[in-house]
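>>> have a look at this fold, sequence not included:
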């Protein structure tokens, strides 16, 4: 199963929410980076300029995360079924964890240099993390639902011996 075939299995409304949320996070991250560069240059922060970045980054991230989580009605066994998950979903999931950890380290190190910098960075990393987590959970959930559907694919974890 490819990434494109999983994308086609998503409902149209879900695809619109996830694509729109991803675009919002990219726009919010771009605005945040512009504001971040001005904070580095002046050493001052303007909250009215930060607000659009905050709204776009976090709002877009949650617009991707909530539909992504709601795709699979049954539970996704992440570690137990690791070898059955699509490679793209595994890469996105690991990348989301790397972004979360990298954002935490960046905010701590930036706070040592300037107390205003972690406030600039936190939602930039959070929005990107939410998008990656939403896409990975959507792909993991859709693949799990596809495997669990009767007749579409055999569930390797549910195989039993013929005598039982």
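In hand now; what should we look at? If you're wondering where the values come from, they're calculated on a predicted model, not measured in any experiment.

>>> what's the following helix or strand after the helix or strand bottoming out on mean pLDDT in the chain?
Across the helices and strands of the chain, mean confidence by mean pLDDT, DSSP states H and E is lowest for helix 3-9: a mean of 58. Going down the chain from helix 3-9, the next helix or strand is helix 12-42, by DSSP states H and E.

>>> any idea how far residue 65 is from residue 16?
Residue 65 sits 15 Å away from residue 16, going by CB to CB, to the nearest Å. All C-beta spots, glycine's among them, are computed from the backbone N, C-alpha and C.

>>> cool, residue 116 as well?
Residue 116 is 36 Å from residue 16, where distance means CB to CB.

>>> of those two, which one has the most company?
Using other CB atoms under 10 Å as the criterion, residue 116 and residue 16 rank with residue 116 on top: 16 against 13.

>>> right, and that one touches residue 40 too?
No - contact criterion CB atoms under 8 Å: residue 116 and residue 40 do not qualify, at 9.8 Å.

>>> list the residues that contact residue 127.
25, 28-29, 56-58, 60-61 (CB atoms under 8 Å, 6 or more residues apart in numbering).

>>> let's have those residues in JSON lines, adding pLDDT.
Listed next are the contacts of residue 127 as JSON lines, based on pLDDT from 0 to 100:
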{"residue": "25", "pLDDT": "93"}
{"residue": "28", "pLDDT": "91"}
{"residue": "29", "pLDDT": "88"}
{"residue": "56", "pLDDT": "91"}
{"residue": "57", "pLDDT": "90"}
{"residue": "58", "pLDDT": "90"}
{"residue": "60", "pLDDT": "92"}
{"residue": "61", "pLDDT": "91"}
